[in-house]
Every structure is written in C-alpha cells, then in structure tokens.
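*Asks:* coords please:
(2 chains)
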Amino acid sequence: MPARKDLESILIIGSGPIVIGQACEFDYSGTQAVQALREEGYRIVLVNPNPATVMTTPNIADVIYMEPLTVEYLARIIELERPDAVLTTMGGQTGLNVTVALHRAGILEKYGVEVIGASIASIELAEDRRRFKELVSTLGLESARSVTVKSVQEGLAFKNLVGLPLVLRPSFTLGGYGGGMVMDEQSFVPMLRAALAASGPHEVLVEESLLGWKELELEVMRDVHDNAIVVCSIENVDPMGIHTGDSITVAPIQTLTDTEYQRMRMGAIDILRAVGVDCGGSNVQFALNPEDGRMVVVEMNPRVSRSSALASKATGFPIARCSAKLAVGYTLDEVLNEITGATASSFEPVLDYCAVKIPRFEMEKFPMQAAALGTQMRSVGEALALGRSFGEALNKAIRSNERNIEGLVPLEEIAPFTAADVPRILENLHPLRIFAAYSRLNEAGVVSIDEICGITGYDRWFVYQLYRQVLLDRRITDAGTGIAADRDLLLQAKRQGMSDLRIARLAGSDSETVSRACLALDILPAVHYVDTCAGEFDAKTPYCYMTYGETDEATQIDERSVLIVASGPNRVGQGLEFDTCCTLASLAYRARGQKTIMMNSNPETVSTDHTISDRLYLEPLTTEHVLHVIRRERPAQVVLQLGGQTPLSMIEALHREGVRIAGTDYDAIRIADDRKLFARLMGELDLAVSPNRSAHSIEEVFAAAKEVSYPVLLRPSHVLGGRNMAIVFDERELTEYLDSHVRVSQDEPLLVDHFLEDAFEYDLDAISDGESLYIGGILQHIEAAGIHSGDSAAVFPPYASTPEILDQMRSAAHRIAVRLGIKGFMNIQFAVQQGKLYVIEVNPRASRTVPFISKMSKVDLIAAAVRIWEGEDLPAQHLVGHRGAVAEGTCAYGWAVKEAVFSFDRFADIDPQLGPEMRSTGEVVGIGSTFGEAFAKSQIAAGNRLPTHGRICISVNKRDRKTIEPIARQLSELGFELAATRGTARDLFSMGILCETVLKTDEGHPNIIDHLDSGRIRMLINTPMGKRSQRGDENLRTKAMHLGIPYTTTTSAAAAAVDAIRYLRAESVQVVRL
Amino acid sequence: MYKVLYKYTEISIMQQTFPKRATSCCKGWCVVHDATLILSDGTWFTGIGFGRRAPLPADLVHMEHDESPLGEVLFNTTMGAYHEILTDPSYAGQTIVMTSAHMGNYGCDPSWDETFLHRFTCKSLILRDLYDGPLPPGRASLGHLCAQWNVCGLTDVDTRALTLHLRSSGSQYGVVVEGIGHDTQAIRMVTGWIRSCPAMGERDFITPMTVPEPIRFESYGDQHASYALWDFGTKASIVEQLRRIGIGVTVFPASIPLVSILSSDARYDALFLSNGPGDPASLQSHVKQIASVIGTIPVVGICLGHQLAAQALGAKTMKMLYGHHGPNHPVRDLISGNVYVTAQNHGYCVDPSTFPPSAMVWLVNDNDQTVEGFFDEEHRVMTVQFHPEAGPGPWEARSLFGAFRRFVETGVYKILAREAEHAC
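*Replies:* Reported below is the predicted structural model:
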C-alpha cells in the first residue's frame, strides 16, 4: 500500500530530558522517524523540550517546539498546528503517557487528531498487566503467576499463597521505577507500600519470581497485512532478576534450541497480532526456565525502545525508520532494506558476528550496595561492540565502556577490589559480577564452571567462553615477552578481542612492544561490513566493524575524508549533547561535499545511525582502535573537539603519531589542560584566577589549602563532570575528604583552588579562527558558584549582570583565543565575585551547552566550526565584521533557561545533594518572552512544580537580608503566606513584613524539616549560611528534593522564581514556534 | 529401525592436544588436526579439523569420490539449528558452511534428527567456531555428532571470506584434507582430483537417502486422509506435520515404481513428493512416472518434489548461482499479498517461463522473484519450493499444510486464512 494521502501533517512527541531508563535512544528513533516521514512529503510538527537533541535542530522537522510535555502545552500546540495525526511510538514511555493523557482529556478528539503507530487501545492493553496476562493465556502462552493489588492486604494474601521471592511492578512507571524484588519476609510490606506510592493509579503487580531464568527479547515488526518479522533476538547473559537495561546482552540468541527459539518467535508475533500492533515495532520479553524449558511471556512494549535502538545497531536494520513508514500505511515488503539494497524489509536479518552490549554504571556518583541491581534500571548508558566471536565482542565492549578496564580481567585487577571480594561480588547482582566469575575460573579452573552457573544463573555456554579467556591468558603469561615472536598466539589473542595493553600486561611487556610486534608480524585488523544478511548479498553498506585474522572487505573511503571521534557511552557529564555535536558536524561536512567517517561505541545515539556519515565504525574509543581506523582510512583530518573528554584525552597519543588534528593545536590544548602553564598564561593576559595549587602528596594538600585560604575546592586532575570534587571549609573537613575519596600521588595530583563563595558563574561558548572571535552566547548560572555548571540552571542572555562585566568577559575570551590560537571551539567558565571577574577554566573543545546556544541564537556554531577547520575564517563566514573582530549571538526568542534534570528518584538511599560534582543526567529548556515565563517553563519541563499559593519559607544569610526584602514583599502581595527562620523573620519584621517563625534543624522540633514533611511549606528559599550551617542546609535540600518541593539557594534564583510564579498565576499558556 | 546411539560425553581438558586452540576438546570423538578446505577453483581455507578425520591429500587418489569428504560447498545463514541441518538428507553430497559465529552451543539431541536413516547426510561442516564446552544434561556435543555421522568438521575458518567467495563464484566442489594449505603443488593435485569428479547431476544421491522399506505413520488424533510419500530423502518433520493435521503417511522408497504404489490395496488420497538431494533434472525416470499418474491422483510436494512435479508438467529446472539456504527468505503469496518468512534449502529452481498455462505460480521469492510454489487445478498439483515443515523454522508457513490438505480434498485453491501455528 502506498503512503496515506489523507494525512498532511503529523505530530511527533519526543521523550524529553535524559533520565535513567530513557536516554538518547529516543533522539535516534525520533530523528529517524522525522526524516522517514518528511521523505514522504508529510509536514512534521515536533515537540521536545530537550535542547541537546538532534531532532530539535533547525530543519530536521518542519515545525519545532521546545515546550514542556504536558497536556496544557501540547493542547495549545495542537490547537495552533492542527496536525492530522500523532505518532505515538517514538517518544518512549513519556511520549506514550502524554498521548494517553491527551486522549483522556479529549484533546485528540476535539481537534480530530488520529493516533498512528500504536493505538490508544493497544497501548492500554500492553500497559495493563492484568489484561495483558489474560490475553497471553488466550494465545496458549504462559505468564508468570501474579496478582494486581491495590492494597498491602491483597499483596500479603498472594504472598502466603505463592511464597517468596516475589517481584513488585508498579503500573505505569518508567524503567521499573519503584519496583523491586522481595527476598525476605521483613521487607515485603515496606517495599509493597513504596511500590504502591510510586504508581500513579496506586496499583502494583505482585508476581512469582523468575529469578535465574534465561531472559530473552525479540524485536518484532508487523504491518497492516499481518506480515511480521523478527528483526533481532537478544539474549541476556545476566538472567532474570536484573533489569534488561542493566544486563550484559548478546545478539543473536546463543543458547536456545531451534524449537525453543521458534516457539518464542511465533509467540511474539501472536502477541503483536492480539495486542493490535499492526503498523510498527514492538519489543517482547520472554523468560525461559533452563531446568524444564517452561517459557513465560514477561512483557511487551508497543513502541520503539532502548532495545530496539540496540537491535538496530546490532543488525543494521533501521527499526524506527521502518516503524514510521509502516505507521503511514506501507507494508513491510514495500519498505526496502536500505542496507543490502537487494532485499525486502520482510527479510529477517541474520548475523555472522556477535553484538555484545554492556551497561555503564556511575558507581562513584550513585553509590550502590553490593546487591544493588534489580528490576529497576540503574545504568546511565551502554556500549555495544561487534566481533566475530562472543569473546571478541565482549572484550571490545568492556573497553568501549571506558571504565579503564582492558577487557575481561580478574576482579582483583580492578581498583579498589581485592581477591577477598570475589565471593561477595559473585554472589550478588553486582555490575562487576562477570569479572568475579573470571577470577573464580582463573583460580579454580574448569571444575568451577558448574558452581559459577549455579551461583550466577549464567548459562554454561557463557561461562565456558570466559574460561576460554582464562586458558588463553595463561598461555600468554607463559609465553612472556616471547609472545612478540609467536605469531599464532598473538593473532589468537587479537582475534579474542584483547587490547595490546592487556596482552602486554599478561606477558610482562609494554603495549608499544606488543603493537610493534603486531605490525611486524602483519597482524592488522580487517574491516567487515554489517550487512544484515551474513554475506548472502552484496550489501551496499557504510557500517563497519573491525576484527582480526580475516579477509578485509573495505578500502579507504576517500583521500580527503574527515574522521570524527565521538563520545562513547552516555555518562553523567558526557551525554547526548556531545553526540549531537558530532552528528551535526558530520552533516555539515557532508553538505560541503566532504566524506565523513564516524567512530563511536554507543548504540543509543544518532551518530551511530549509518546514514549520518559516509562510513561508520562501531569500535571502542580507545587510542589503539582509533589509530587502527586512522591507519586504514588515512583521513585528511581528525576531529577531536566535539566528543567531550573521550576524544580529547587521546590527543597527545595521536599527535605523537603525526595525525592531523582539526583545529586548535595540541600545544594550545596542553596549555589549557596544564595548571601551571594555564596560570602563567592568565598572568600574562592579566586575568584573575582563583588562587590555586597542584598538590602531589597529602602534606602538600594541607599546605596548599592554607596558602590559597579556605574554603577550598578540591578535584583530581583530568576529570569531566567533576568526579570526586568537593568544597571543604576547614582542615577537619579536608581530612575527611582525603580519608574517604582520593589518592594523591606524583602521577595523580590533586588540584586545590580557593573557592569563590557567593560568586555568580558564567559559561561562555565561542568559536575562533585564531584571530577573530564569535561568541555564541554567554550563559549566567542561577545557582551560586560551587554547584557544578552542568547541574545549575542557566539563563541566556545573562539576567542579572552589568554591561561592564560582560565586556570584560568578551575581551578576556578574545585575548585567550588569540593567545592560544584557538581554531574551533572554546568554552570558558567565569566567576564574578563582588564585581571582580575570575577565569575558572578554559576548555578548548565544544561544551555541553553548544547545541543549546546554537538553537537559541539561531547560529549553527558547529557548522561554523567545521568551516573554520576547512580554512574559512570568521570574516569570510560573515560572523564577524573584519579580521580580529569580536561578535556575539543573541537569544532569538527573548529568554531561554536551561534547567538540569536528575535521576535521583532511582536511588532512594543516596543523598541527592548538589555540589561541584555533576550529577544531573539531562536537561530541558524553557523559552519565553519574559524571564519569568522562560524560567517557569523550564521548571515545568523538568518536573518541578512551583507553587501558585500556600506557604513559602525563607531562611537567608545576613548579606542577603536586604535583597530578600522586595522578594518577600512581592510574595506576600501575591497572597503567599510567609515563614522564616528566627534571624530572617526578625529582619523581615523590622522591614514591615510579617511571617511565621520556624525553627532551624538544630533548634529542636517542630523544625523546618518537620514542616516540610507535613506539607505546610510549598517552597523554600535558603541561601548558604556559611560553613557552620553547611550540613544543615544540605539536609534541608535533600529533604526538599525527595519531597519534590522547589528550593532555591540564591536570592537571584528566588527572584527568578517570583517572576515565574507571576507567569504561572496568569495561567496563560504561551508556546514558541522555533 | 532407529536407535539412540549418542551418549553424553564428559568434557576433559586436553589443551595440550592442540595448543593453537586454547580450549578443551572432548576425548574420544574428536580428532583435532590442521586441515584445509580446498575448492575446485583452487581457493583454500585453513582451519582445525574435527569429527571424521580428513584424508591426506595423497590419500585422495585412492578414494572413491562418494567415500571421500568431497562435497558441493554451499553456505547456510541459519543462526543455530545445526543439528536439524546436519541431519537433513537434502544435504547429501554437500559441504555446509554455517555463516553464524558460534555453532554447537546447546549440544545435540537425537529427537531433533531430520532423517529416518542413521546414515551420513552432508559431507563436511565448515564453522567459524565450534563449541566444545559443557552441555545441558543428556545432550551430545556437535563434535561428537560429526564423528558419529562420519562428517568432516572444520572449525576456526574465515567463513565470511568463504561465503563471499561462494556468493560471487557460485557453489562448487570442495574437499577437506589434512594439513595446512600453502603447498601449491598439493593444492593443484587436489583440485585436479576434484575436477575428475562427475557433476552433481551425474551422481546418484537418492539411493542412499531413501528409506529401504516402506514405513507407515498413522496420524495423531482422527485420521482424515492417507498420503503416499515418495521418498527421495524426506525430512522427518514433513511426515510429522502431515500427521499433525490428521493425515496418515506411508513413506515409500524411491526405487518402488509409482504405479505399484498407487495400485496397491491401500488407497491413498494423494501422492506426496518429498524433498531430497541432487539435481532434479537428473531424475528423469521419476519425472516420467509422475507424469504418468498426474491427473489420476492429487499431487503435492516440497522442494525436490516441487521441482519433479513441475518437470512432470513440462517445466524445466535450472541451477542457481549459490541457491537459497537460510532461515529468512521472504515468500510472497501473490493472491493474498502476504509475505511469509520461510526456511529454504535449494540450489535449483523452476524456470517460470516453462510452466504450462494451467499452472499458476502463486508463491514467489520476494528478493529475487524465483518460483516458490504453484498449483494446477486442472492437473490437481500443488507444490512449494521452500520448507513449510520448518525443521528448522521459522514456523509461520506451516499453515500451508492445511492448504495442501484442502487442495487435495476440494481440488481447488482457496485463499488461505492465515492461522497461527503453535505446533511443535
């Protein structure tokens, strides 16, 4: 059937900010869907408040809105744009939920918007666990035995019937939020209570445990003619009990017999048919009891998902693109498989390699107990690797994870673990369990295979693959440095996916010797194409991976190609923003006729969509792999400025190899990176920096702290997102910090800075050609200095600043750019304390705010940077008037506020305090013609509900008492009741403002926290009281965050909130069409 | 007539036996040695031999082609299901390259056998990686199975390069020999010997693959009909699927003349022509016999049976470059518009331009438009090229057995209502 002619315009809803369980896979699928539908001539209206996304880039969709994903705002957009249909399946759970809400509110019916992709009925059927289970049983399939409960009593009755362990799954939540596994009697009631609270409709499914069963997933597509295909089968190495997002997985399925697999395949297709998915893809999960082969349907998602993005990258089959085409009436056989160019899409992909995915956890930022993993997703990102064997793919995937683990190694080689930790880690659902299994095999040999299978639930096939690694490692150890002459052994090690460094460590050699030996023995990687058909057809594909000891299939793509090294797995501090920069750079180069090569390991991203570049390498982002790609492709230049710290950290090694790096020279980057050189440069340029020292021993740390004077900011060198950063106010706290966190040595210096208390921070993003400077924009942070820039709300343009200080920033930026010879991106963080400008840091690369500023200023900084790297200076681009000039972008929409979004709700047991260490996982934007509107929208989009009435509590330090007066007065005039701590209340009273006095946390009960708990306080204004009350402030903040009560730490943020509240009180819903 | 001959082999680590491969190997079944697959065009691929010991190049000259591991080399893209493929009689005389990364992962079980004979089927099995670790209780290893079935195994081969080579140069003879390639003189000698082998079409694969005696299988549950199955090397799952839909089947050796089968006292509702190995054009005596009974009894068939029935109606078959061997071939039903994902295994196909006007090609391959099935209401013939019995799967085309049954009963084609098949 051809595409539907009765539709003209289609609404696509994105998934909003990145949170755990909903990451950039929805930018990938949404972008693909938008492109697929625009090809068909539809007008696409896109809504997503996430400024970091590719999909919200100008010209990707016909009409773009970056508004909160709430019924009010979407209704307003629908009213204005009158789309004929809404595509429900691209925006993750958020997209589905808001579509259902629009349907329930009658908006879709009112404006005649048809639901395409998955109907409301199928969404509700798949989401309603009870009805879904009934349906499964009518198909002759089984579900886990379970009951849906609305009270603790009902849950107890079922528990007495079935026994423990039991699984709790709250209805309608993201990534299993609020659920978990109950192992013992004591925790049953509290956990059930929490699960009931987490569910919107107060409904929880209590289910028999499938712990230890094999966990399998199928990605299925079905069309209106009832044609169906399985695009990809995925087997979890970690059995049931760990959320599939947190499991190591392999595609295709490895350990099922043909009968088991086919039974599952037919079951999955039957489920799609019964649920009514007839124009799109779904993910169906199964569990299989390894003892008796009993197969149970776990769940299905009638939409694209993280798994479908993974399946797309594992097979090369563009699921989201095809789903979009099916949604407008095409059938599977009509949607040509773009990869082979020879087969129809109704051709099921077959693989001749293994695709292994490993989740990335942020164990430092979100500390977990040993048994931390469960049915609730906790990982923040993932890496995928392809190899001709499971072992090769596994080793590559471990390196792709960028945790400084060289592949499969014993647990005791991973700091801070020791051999004594092996049994504990092995027995618990721990992210490093596979390494503990390796340790055990290494120590106990083949006889421990059954034991490990019994403890972990890994299939014996997987454990045996680990054992093969043990045997190979022993042979390498035995060969010692002689391996450099043993071609067979070296080749076998490389075929197993081992890195030069790992081989060297085992052989007692060094990685350069191993690399040289490989070169000398002609052991070089071969390029294979990902062709979806296991070589059956001559695939016209740009998607490659590397392996060893096999025939090479590819040749150099072009002599003038550009290699873009992307940013690897998502993590806190390095996420979607950087991937978007890489993607847009590739598109910009290609628009100029330049061939691009993308290299990345993150399956969730747009950059690993093989249509984005002329050639895509899915490979670990380590120097070794990057150099291999460079050796083969001999690109004209290599772009390292866009992928965050991952590519930039390779610059020295690549520079040494004589690689031509696009833009700024290595020397300039070294200066920006080196504390001493940087301080000297700032001195020469007459720019102030906060006094700072590098300390190489514990003693030096104390001395340095005294010299620069307390409070001091501490951080290990070479970190992104501020890992292990802290502010300490005195020697006692410094001792605590050093005891708990950090190693200080000659090689790992600790940076000690004087902390600028009560300062305002600014972010300046610019591009330079070495002479002129174009400033994309200056952002002012609303939160006070001391909170990581990535975690602070930021305003474009600066909202509370002076022209003089902004001029100083411009001039400083220009001088730095010229002095360093910046060619391309530069990001500077400034602080202003009592009217004095300090330079905090200079990053000679694209920052996380580049996509945000590009969109809000309507100047594509990435394309401009590409033009600089291609030799076109800023005057030639008409961005500045003449050589040596400075120009600056302005916010095209009045005001734009970027607000950070956190995933703390997944970690109930940790303190959500903010500080110099970044912890947010995503961001949203609020756009408005007034600052208040922009700020209010950013808060709504981030899920923070500012109050429009009720009681607001104020507790501010002495310096702020003057500035708080007008704010308090305005709040009072707006009809809010005020409460304040004693000192503040007294001063406010003297200014003629009446308020209730509440006790501070250390003044007895009922204190401010008790009031928060009882729900009497709707918002908190609390500026730092200095070091003594730091801890109390943190407790307050933690409490407020857990209770979802808005909280501001600066009077300027409080003033911003007042503006926002005023906008909210007006109840006007304004939307901005970009 | 069929005995369980496997036993679960305890693994023992014999790493020293073959240090090049840092894994264990199972004592008893598996002779590991350097071995090379040499193709008739002189291309060679090295690997590690297992199962039946490969002959030395010098030994070949003393061997009959039929007794040697010489086979027509083709690739199969199925991701698993190695047991069903290895025991499928259609592969007689062939060497199968499995493109998937790992094979042998879950072991072997005699209940998955596709042949009624405990006899060799394919000549060699070429793998990227053979699993030789512990298995679920009661299962035998793939290496063990190869040894028992006299199949030359070769693992650690660059199967992707081999597949790409076969894709461009076509299926051809090849033989696995002991020792490593590089010896150009030995390779020249081996390729010379390979070329002395008669073409596939000149060799008889049916005699060893057909049952020696008729075997009767009653249907499961109520019996609606009884078919005579002329066996050219039938897959057990064809008989199984017929029995499941209420059809009793008598499997007859291909050597018994059709006339005597159909004139026997037992009355058959239809003649079923089975799948089987080899070149369909070489079976002219069988084609003639079929032609002589067409019209007197409904004829249904699968794969080789489809090619024989088409020839009996006057159509011609032709050799494909590298054929269809895999689990993912889309077959379009031209009447309903539906597309089935099917399992396929054939190196020949029927030339669609040679069908008589009475024949209706109703199923075609959606990738290359080759004929996948036809029916002829005038002559009461309905056959398919692919494998709806699905051993290995996918299972969705199993509903075609219902179509066969209805065609036999009514003599006319009815648009199939797609039905979910849960049969196993």
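
*Asks:* Nearest to chain A within the stretch 51-200 of chain B, name that residue for me.
*Replies:* B:Gly133 (3.2 Å; Cβ to the nearest Cβ). Any C-beta I mention is one placed from the backbone N, CA and C, and that applies to glycine too.

*Asks:* Go ahead and confirm that residue touches A:Arg460.
*Replies:* Yes - contact criterion Cβ atoms under 8 Å: B:Gly133 and A:Arg460 qualify, at 6.7 Å.

*Asks:* that older thread, with adjacent residues omitted, what lies nearest to the residue of the stretch 51-200 of chain B closest to chain A?
*Replies:* Spatially, and ignoring its direct neighbours in sequence, B:Gly133 is nearest to A:Tyr464 (3.2 Å; Cβ to Cβ, 6 or more residues apart in numbering or on different chains).

*Asks:* Same question for B:Leu125.
*Replies:* Spatially, and ignoring its direct neighbours in sequence, B:Leu125 is nearest to B:Gly153 (5.1 Å; Cβ to Cβ, 6+ apart).

*Asks:* Give me the helices and strands touching whichever strand or helix holds the one you found, please.
*Replies:* Assigning secondary structure by DSSP states H and E places B:Gly153 in strand B:152-155. Helices and strands touching strand B:152-155, as assessed by 3 or more Cβ pairs under 8 Å, 6 or more residues apart in numbering or on different chains; DSSP states H and E, comprise strand B:33-39, strand B:44-51, strand B:124-126, helix B:142-148.

*Asks:* among these, which is the most enclosed?
*Replies:* Stretch with highest mean neighbour count among those: strand B:124-126 (a mean of 28; mean count of other Cβ atoms under 10 Å in any protein chain shown).

*Asks:* how about A:Leu394, what does it touch?
*Replies:* A:Ile248, A:Val356, A:Ile358, A:Ala385, A:Gly387, A:Gly407, A:Leu408, A:Gln465, A:Gly497 (Cβ atoms under 8 Å, 6 or more residues apart in numbering or on different chains).

*Asks:* and if we set it to 6 Å?
*Replies:* By Cβ atoms under 6 Å, 6 or more residues apart in numbering or on different chains, A:Leu394 lies in contact with A:Val356.

*Asks:* In three-state terms, label it for me.
*Replies:* helix (DSSP: H, G, I helix; E, B strand; the rest coil).

*Asks:* Report the beta-bridge partner residues of A:Val182.
*Replies:* A:Leu166 (DSSP bridges).

*Asks:* quick one: the residue of the stretch 51-200 of chain B closest to chain A and A:Pro252, what's the gap?
*Replies:* 19 Å (Cβ to Cβ, to the nearest Å).

*Asks:* Show me which of the two is the more surrounded one.
*Replies:* Legend: neighbour count by other Cβ atoms under 10 Å in any protein chain shown for B:Gly133 and A:Pro252, higher for A:Pro252 (25 against 22).

*Asks:* wouldn't the more buried one be in contact with B:Thr78 here?
*Replies:* No - counting by Cβ atoms under 6 Å, B:Thr78 is not a contact partner of A:Pro252; they are 10.6 Å apart.

*Asks:* Can you report how many residues neighbour residue 100?
*Replies:* With no chain named, the answer covers chain A. Number of residues near A:Val100 (other Cβ under 10 Å) recorded here: 18.

*Asks:* Chain B, not that one
*Replies:* B:Ser100: 25 neighbours (other Cβ under 10 Å).

*Asks:* How is the closest residue to it other than its chain neighbours assigned, secondary-structure-wise?
*Replies:* Excluding the flanking residues, the one nearest B:Ser100 by Cβ to Cβ, 6+ apart is B:Met79, at 4.4 Å. Here B:Met79 is recorded as coil under three-state DSSP.

*Asks:* ok, now which ones touch B:Met79?
*Replies:* Here B:Met79 is in contact with A:Pro252, A:Val350, B:Ser100 (Cβ under 6 Å, 6+ apart).

*Asks:* what does A:Gly928 give?
*Replies:* Applying Cβ under 6 Å, 6+ apart to A:Gly928 gives the contacts A:Trp895, A:Ala934, A:Lys937.

*Asks:* Quick check: the first one touching A:Phe931?
*Replies:* Spelled out, it's A:Trp895. Yes - the pair A:Trp895 / A:Phe931 is scored as a contact, 4.8 Å apart, by Cβ under 6 Å.

*Asks:* Low-confidence regions, the stretch 351-500 of chain A specifically.
*Replies:* Across the stretch 351-500 of chain A, the ranges flagged by pLDDT under 70 are A:365-371.

*Asks:* what about the closest residue to chain B within it, neighbour count?
*Replies:* With Cβ to the nearest Cβ, the shortest gap between the stretch 351-500 of chain A and chain B falls at A:Tyr464, namely 3.2 Å. Counted by other Cβ under 10 Å, the residues lying close to A:Tyr464 total 23.

*Asks:* Tell me how far stretch A:569-579 lies from the chain's centre.
*Replies:* Distance of stretch A:569-579 from the chain centroid (Cα atoms, centre = their mean, to the nearest Å) equals 5 Å.

*Asks:* oh sorry, the question was meant for stretch A:668-675
*Replies:* With Cα atoms, centre = their mean, you get 27 Å for stretch A:668-675.

*Asks:* go on, stretch B:124-133?
*Replies:* 19 Å.

*Asks:* I'd like the mean pLDDT over it, please.
*Replies:* On average, the pLDDT along stretch B:124-133 is 95.

*Asks:* what about it, start to end distance?
*Replies:* Taking Cα to Cα, to the nearest Å, stretch B:124-133 runs 21 Å from one end to the other.

*Asks:* Domain-wise, how is the chain divided?
*Replies:* In the absence of a named chain, chain A is used. Chain A breaks down by automatic domain parsing into domains covering A:9-116, A:145-209, A:541-663, A:671-687+A:757-892, A:692-754, A:946-1066.

*Asks:* Chain B is the one I meant
*Replies:* According to automatic domain parsing, chain B is divided into the following domains: B:15-197, B:206-410.

*Asks:* ranking the ones you listed by mean pLDDT, which is last?
*Replies:* Mean pLDDT values for the domains of chain B show the minimum at domain B:15-197, a mean of 88.

*Asks:* returning to that earlier point: and the residue nearest to B:Gly133, that's in a strand?
*Replies:* No - A:Tyr464 is assigned helix when assessed by three-state DSSP, not a strand.

*Asks:* Quick check: the residue of the stretch 551-700 of chain A nearest chain B.
*Replies:* A:Thr551 (3.7 Å).

*Asks:* Contacts only, for that residue.
*Replies:* If you count contacts by Cβ under 6 Å, 6+ apart, A:Thr551 has them with B:Asp158, B:Ala161.

*Asks:* Which of the helices or strands spans it?
*Replies:* Using DSSP H and E, A:Thr551 falls outside every helix and strand.

*Asks:* One more: B:Thr163?
*Replies:* Using DSSP H and E, B:Thr163 falls in helix B:159-169.

*Asks:* ok, which stretches of chain B are helices?
*Replies:* Along chain B, the segments classed as helices by DSSP state H run B:57-60, B:82-86, B:142-148, B:159-169, B:184-195, B:206-209, B:236-244, B:258-262, B:284-293, B:304-312, B:400-410.

*Asks:* can I get those in CSV with distance to A:Glu917?
*Replies:* Listed next are these as CSV, based on distance: least, Cβ to Cβ, whole Å:
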stretch, distance to A:Glu917
helix B:57-60, 67
helix B:82-86, 52
helix B:142-148, 52
helix B:159-169, 46
helix B:184-195, 64
helix B:206-209, 71
helix B:236-244, 61
helix B:258-262, 83
helix B:284-293, 79
helix B:304-312, 69
helix B:400-410, 63
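
*Asks:* where does the stretch 51-200 of chain B come near chain A, residue by residue?
*Replies:* B:77, B:79-81, B:84, B:99-101, B:105-106, B:129, B:133-134, B:158, B:160-161, B:163-164 (Cβ under 6 Å from any Cβ of the partner chain).
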